[in-house]
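K.L.:
starting from these lines, generate the structure:
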Amino acid sequence: MRNAKALFLLALAVIFGLAAAYYATLWVAQRGTIQSSKVAVAALDIELGSRITPQMLTLVDWPAGSLPPGAFDEVAKLQDRVVKQAIPRGDAVLERKLSPPGTQGGLSAVIAEGKRAMTVRVNDVVGVAGFALPGNYVDVMVNTQKDQKAGAESQISVTVLEQVLVLAVAQEAGRDDTKPKVVSAVTLELSPDEAERLDLARNVGTLSLVLRNQLDKESVATKGITRDQLLGLQKPVAPVPAPQPRTVRVVMKAEPPPVAVMAAPPAPRRDCVEIISHGNRSVSCF
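P.N.:
This is a model prediction of the structure:
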């Protein structure tokens, strides 16, 4: 009895084992039939602005149903293309990460269309203690002197540019490093109008960079601040009294009564005698 029970359990275990092996074989066979394609990926870390060579790439199998848009299936198609976005090792090389064909390497390849690159001199304070790294956004503030007018205050600090992209610090454009770097120059990406404003600002005053959150895109218009406003020394402006309404009294003059004109009394009647003497004629009244 005991032998029969043991044989039954042994046979049941063999059946379950064969079933598991059968389903495992089917699963492996199905996985083996998944179609794949070759995709070019970075064989090493490719820095921003680098020109691609065949030694930087390798081809790997990629499921055909999940190919990333813009992927390349041949290394030769990427010969001499310039990277405008750093590509870490193992990442697929995509068209959106590359500059247009024919672009020369270097920082100029990563400047956005319609933009310009301009370098300004900074120190450890102006450069936000080295935390303004490539890929960060900063505001540019200038401290300058206003024109003197009738003894008015002249010193003012005001923000002249907002949301400016830092392209490079010193001669480095890599955007993967988070360690602060104290440098003497920072290269910014600007529109032509912004480049003119920055050039004027650095010649009329002292520049400061203000680091901002990369996700904060809101523009805040400020009027700047003067020395007296900062120290609370500005004299309050006396309010201009509102004009009081004026009462105009109109006096209507009555027309004078008509003056009666008395007719002159008639002259008293007189008796006259005409006298003719020796050819002369005369009149005598009495």
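
K.L.:
per-residue confidence at the closest residue to Pro192 other than its chain neighbours?
P.N.:
The spatially closest residue to Pro192, leaving aside those adjacent along the chain, is Arg116, at 6.1 Å (C-beta to C-beta, 6 or more residues apart in numbering). Where C-beta positions appear, they are placed from N, C-alpha and C, glycine not excepted. Listed pLDDT for Arg116 reads 91.

K.L.:
residues in contact with Arg116?
P.N.:
Arg116 is in contact with Glu189, Leu190, Ser191, Pro192, Ala195, counting by C-beta atoms under 8 Å, 6 or more residues apart in numbering.

K.L.:
so how many other residues sit close to the fourth one?
P.N.:
Put plainly, it is Pro192. Here the number of neighbours of Pro192 (other C-beta atoms under 10 Å) works out to 9.

K.L.:
which pLDDT value does the model give it?
P.N.:
With respect to pLDDT, Pro192 has a value of 93.

K.L.:
sticking with Asp61, tell me its helix or strand.
P.N.:
Asp61 belongs to strand 57-63 when elements are defined using DSSP states H and E.

K.L.:
ends of stretch 211-224, how far apart?
P.N.:
The first and last residues of stretch 211-224 sit 18 Å apart, counting by C-alpha to C-alpha, to the nearest Å.

K.L.:
now stretch 110-119
P.N.:
Between the opening and closing residues of stretch 110-119 lies a distance of 15 Å (C-alpha to C-alpha).

K.L.:
how about the strands in this protein?
P.N.:
Here the chain has its strands, by DSSP state E, at 36-42, 57-63, 116-121, 137-145, 155-169, 185-190, 205-212, 225-226, 272-277, 280-285.

K.L.:
any chance of the ones you listed in TSV, with distance to Val128 too?
P.N.:
Formatted as TSV, the entries for the strands of the chain read as follows, by distance: least, C-beta to C-beta, whole Å:
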stretch	distance to Val128
strand 36-42	31
strand 57-63	37
strand 116-121	13
strand 137-145	7
strand 155-169	10
strand 185-190	9
strand 205-212	5
strand 225-226	20
strand 272-277	130
strand 280-285	128
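
K.L.:
just name the most buried of those.
P.N.:
Comparing the strands of the chain on average neighbours per residue, with mean count of other C-beta atoms under 10 Å, the densest one is strand 185-190 at a mean of 21.

K.L.:
turn the contacts of Arg116 into JSON lines, columns for distance to Val110.
P.N.:
Conversion of the contacts of Arg116 to JSON lines gives the following (distance: C-beta to C-beta, whole Å):
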{"residue": "Glu189", "distance to Val110": "9"}
{"residue": "Leu190", "distance to Val110": "14"}
{"residue": "Ser191", "distance to Val110": "16"}
{"residue": "Pro192", "distance to Val110": "18"}
{"residue": "Ala195", "distance to Val110": "17"}
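
K.L.:
understood, closing this out.
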